[in-house]
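Peer 1: Pasting the sequence and the predicted model now:
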Amino acid sequence: GKGKEEPVVVRSPATKEVRLWELPRVLTCNIKRFAATDKGRTRKLDRHVPFPLELDLGPFLHQKSPYPRGGERTVYDLFGVVVHHGSLSSGHYVAYARAGPEAKEWHHFSDTSVKPADQSKVLDSEAYILFYQ
């Protein structure tokens, strides 16, 4: 008798692409700092993740987006960084920020303390949230 024919499975390389249509005035990037362990628990990831002072989203825009490619409107400048020191159960949040989009000086905020900060210290921090404008 006739048996059912097995379907032919053909595997081929594929890619998925996501493009942006509009850009926000302020871009907020949250860096995932937590991971599951083998035992189903959560642990904090303590390591430096490099991030740029300037971020151009032009290459990620949809080709029909109303925003100009490579134009000034697609380039963002870092103006704030949130850092968490400590563990999952306890710790302390601090922030680095510039006074405005044109300001070059960075400041370190910790509770009631505000001090000048070197840009290198900002870029070497273990960022949790990044703010671009």
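Peer 2: Structure received. Numbering: from 1, shown residues only.

Peer 1: Look up phi and psi at Lys115.
Peer 2: For Lys115, the backbone dihedrals (degrees, to the nearest 10) come out as phi -130, psi 150.

Peer 1: Relative to Val122, how far out is it?
Peer 2: 12 Å (Cβ to Cβ, to the nearest Å). Using the backbone N, CA and C atoms, a C-beta is placed for each residue, glycine as well.

Peer 1: Quick one: the helices in this protein, in order.
Peer 2: Here the chain has its helices, by DSSP state H, at 119-123.

Peer 1: Mind checking which residue lies nearest the centre of it?
Peer 2: Cys29 (3.6 Å; Cα atoms, centre = their mean).

Peer 1: hang on, isn't it packed against Tyr132?
Peer 2: Yes: using Cβ atoms under 8 Å, Cys29 is in contact with Tyr132, at 7.2 Å.

Peer 1: if we can go back for a sec, in terms of neighbours, single out the busier of Lys115 and Val122.
Peer 2: Counted by other Cβ atoms under 10 Å, Lys115 and Val122 do not tie: Val122 has more neighbours, with 21 against 9.

Peer 1: Enumerate every residue touching the more buried one.
Peer 2: Going by Cβ atoms under 8 Å, 6 or more residues apart in numbering, Val122 touches Leu78, Val81, Tyr96, Trp106.

Peer 1: Could you pull up the residues touching the nearest residue to the first one once chain neighbours are set aside?
Peer 2: If I follow you right, that is Leu78. Spatial nearest neighbour of Leu78, excluding adjacent residues (Cβ to Cβ, 6 or more residues apart in numbering): Leu53 at 5.0 Å. Leu53 makes contacts with Asp77, Leu78, Gln119, Leu123, as judged by Cβ under 8 Å, 6+ apart.

Peer 1: Narrow the residues you listed to just the buried residues.
Peer 2: By neighbour count, with 16 or more other Cβ atoms under 10 Å, these hold Leu78, Leu123 as buried.

Peer 1: can you pull out the strands in the chain?
Peer 2: 27-30, 34-36, 42-44, 54-56, 75-86, 91-98, 106-110, 113-117, 127-132 (DSSP state E).
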